[in-house]
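Peer 1: Quick one, fold the following:
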Amino acid sequence: MELKNLSYNWCDATEEEFVMPKKKVLLKEGEESFGRRFAHLRQAAGYSQRELAAELGISYRMVAYYETEAARLPTHLLPQLAKVLGVSTDQLLGVKEVKGNGKRHDNRLWRRISQVEKLPTPQREQIVQILDAFLEREKLKRG
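Peer 2: I've put the predicted structure just below:
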């Protein structure tokens, strides 16, 4: 049995000795990867990669990376991301299953409505008038 002579002096070490290999995450059969689960949750919440990135204060390229390459998300983003997506951190990490209540609503529309609620009263009233006009027109089409 041959023993490799290891250098304990940092200046004698080669670059290969400093590189940590990436740890592969092995999925159980039927288990969804973190990236795929993250992408599904983002889409279900009605966010594009760019919108979610802006909400989190990161680049959209990082969101794309987390959806395709990364096995896990940085821990400092977990609470913020779970809140934005409307799930628990356990659901985001796949510890618990994400359960739908059967009712689907357009989260993108709900986010817009919450933004409208923050506008001054005169602007909100104008938007309500526009919405009423669209709804009345649709009602006339059906009836």
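Peer 1: how about the helices of the protein, start to end?
Peer 2: Using DSSP state H, the helices of the chain run over 15-18, 34-44, 49-56, 60-68, 78-85, 89-93, 107-117, 121-142.
Peer 1: which stretches of the chain have low pLDDT?
Peer 2: For the chain, applying pLDDT under 70 flags the ranges 1-30, 100-107.
Peer 1: Residue ranges of each domain in this structure, please.
Peer 2: Domain assignment for the chain by automatic domain parsing gives 7-101, 105-143.
Peer 1: Now the last one: buried residues?
Peer 2: Of the residues in domain 105-143, those with enough neighbours to count as buried (16 or more other Cβ atoms under 10 Å) are Arg111. (C-beta placed from N, C-alpha, C; glycine too.)
Peer 1: how far is it from where the chain is centred?
Peer 2: 27 Å (Cα atoms, centre = their mean, to the nearest Å).
Peer 1: just the longest one next, same as before
Peer 2: Between the centre of domain 7-101 and the centre of its chain there are 8 Å (Cα atoms, centre = their mean).
Peer 1: Next, work out how far apart Ile130 and Glu138 are.
Peer 2: The gap separating Ile130 from Glu138 is 13 Å, by Cβ to Cβ, to the nearest Å.
Peer 1: typo on my end, Arg108
Peer 2: Taking Cβ to Cβ as the measure, Arg108 falls 19 Å from Glu138.
Peer 1: try Gln80
Peer 2: 37 Å.
Peer 1: rewinding a little: what would the helices of the chain look like in CSV with distance to Lys99?
Peer 2: As requested, these are exported to CSV (distance: least, Cβ to Cβ, whole Å):
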stretch, distance to Lys99
helix 15-18, 45
helix 34-44, 12
helix 49-56, 22
helix 60-68, 22
helix 78-85, 14
helix 89-93, 8
helix 107-117, 16
helix 121-142, 31
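Peer 1: Sweet, I'm off.
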